[in-house]
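In: Structure, please.
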Amino acid sequence: MTTGQRWLAGCGVGCGVLLLAGIGACVAGALFMKHTFRGIEKAARSHEELVGELGDVDGYTPPADGVPATDRLEAFVEVREVTADARREVETAAARLPTPGFSEEEAVIGKIRVGLDVLGDLIDAIGSYVEARNHALIERRMGVGEYVYLYTLTYHSWLGHSPGEAPEIRQGPDGVRVGVFDDKGALFSEQAVRRRYRRYVLGMVRAQIGSIAAEAETEEGPAWRARLEREIQRLEVDPGHVLWQDGLPEDIEAALEPLRPRLEATWSATTNRAELPLAEHETPWEWR
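Out: Next comes the predicted model:
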């Protein structure tokens, strides 16, 4: 796997964003100009360093009781806070995607023109955000697996944001969509992100159950294990299910509550779909 592929797989951003932004027709041109996107290679290198030092998502097991330690929660919130400026740059770049009133005949050409105008800024901003996030994680000794666990637990399970939440899709006056995050077949479509969410969360809950085997003979062990198994069943049968969507366990919620204002302040719908890393088989192109 090339450096670019590893970055795509781990950072959850890249060529899929091109499709996601509804400008897939200009991918070839974007790839031709990829040397101008200054953030991408730095993001790739930082991700490689992060995974090399701290492991990937599949190597992480949540705490047996699901309750994050206070210092790990603080580290997570710090990562979100120190990367706020980089997220705002992505939000600003995404907001510049215009929605002129294309006719149906002009739609394809218009999308290409729009994409070429804004693509460089958008990818630079995403690459810079990923680089900033990876460095913040390395500094706090937090692997991508722990980050995904805390991200999904806080923003999705607790604060109630959807794994597929994205910026509001804008639409031209003639009904031609040229907005963001609206291509159903894209790597960051709602369907794709929900599949990714389900894969990672199921894996973590299964690992969590395995880690509580030693507690099976305690009074609390069997009941907690059964509760986790019920969540696994719901995730398996309902592709739209979010872990603990009917309410967090009380001890987990008690650990998160003191950080509510800081977590709410660091939420971003624009970067949400890019937070969960791509699986290796999802990387669409060979970057050399």
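In: where does the closest residue to residue 91 other than its chain neighbours land on pLDDT?
Out: Leaving aside its chain neighbours, residue 91 sits nearest to residue 270 (4.5 Å; criterion: C-beta to C-beta, 6 or more residues apart in numbering). In this view, the C-beta of every residue, glycine as well, is placed from N, C-alpha and C. The model reports residue 270 with a pLDDT of 89.
In: can you confirm residue 270 is in a strand?
Out: No. Counting by DSSP: H, G, I helix; E, B strand; the rest coil, residue 270 is located in no strand; its state is helix.
In: Just give the number of residues close to it.
Out: By other C-beta atoms under 10 Å, 22 other residues sit near residue 270.
In: Could you measure from residue 143 over to residue 77?
Out: The gap separating residue 143 from residue 77 is 17 Å, by C-beta to C-beta, to the nearest Å.
In: What of residue 269?
Out: Applying C-beta to C-beta, the value for residue 269 to residue 77 is 18 Å.
In: And residue 202, by the same measure?
Out: Taking C-beta to C-beta, one finds residue 202 at 26 Å from residue 77.
In: Same check on residue 165?
Out: From residue 165 across to residue 77, the span is 20 Å (C-beta to C-beta).
In: Give me the residue ranges of the stretch 151-288 of the chain where confidence is low.
Out: By pLDDT under 70, the weakly predicted segments of the stretch 151-288 of the chain are 168-186, 213-220, 280-288.
In: Just the element for residue 223, please.
Out: Element membership of residue 223, judged by DSSP states H and E, is helix 221-237.
In: export that helix as CSV, just CAs?
Out: The C-alpha atoms that make up helix 221-237 are tabulated as CSV, following Å, rounded to 0.1, in the frame of the first residue of the first chain:
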residue,chain,number,x,y,z
GLY,A,221,-20.5,-8.9,35.2
PRO,A,222,-23.2,-11.0,33.7
ALA,A,223,-25.8,-8.2,33.6
TRP,A,224,-23.3,-5.8,31.9
ARG,A,225,-22.2,-8.4,29.4
ALA,A,226,-25.9,-9.1,28.6
ARG,A,227,-26.5,-5.4,28.1
LEU,A,228,-23.6,-5.2,25.7
GLU,A,229,-24.8,-8.3,23.8
ARG,A,230,-28.2,-6.7,23.4
GLU,A,231,-26.5,-3.6,21.8
ILE,A,232,-24.6,-5.9,19.5
GLN,A,233,-27.8,-7.6,18.4
ARG,A,234,-29.5,-4.2,17.7
LEU,A,235,-26.5,-3.0,15.7
GLU,A,236,-26.5,-6.2,13.7
VAL,A,237,-30.2,-6.2,12.8
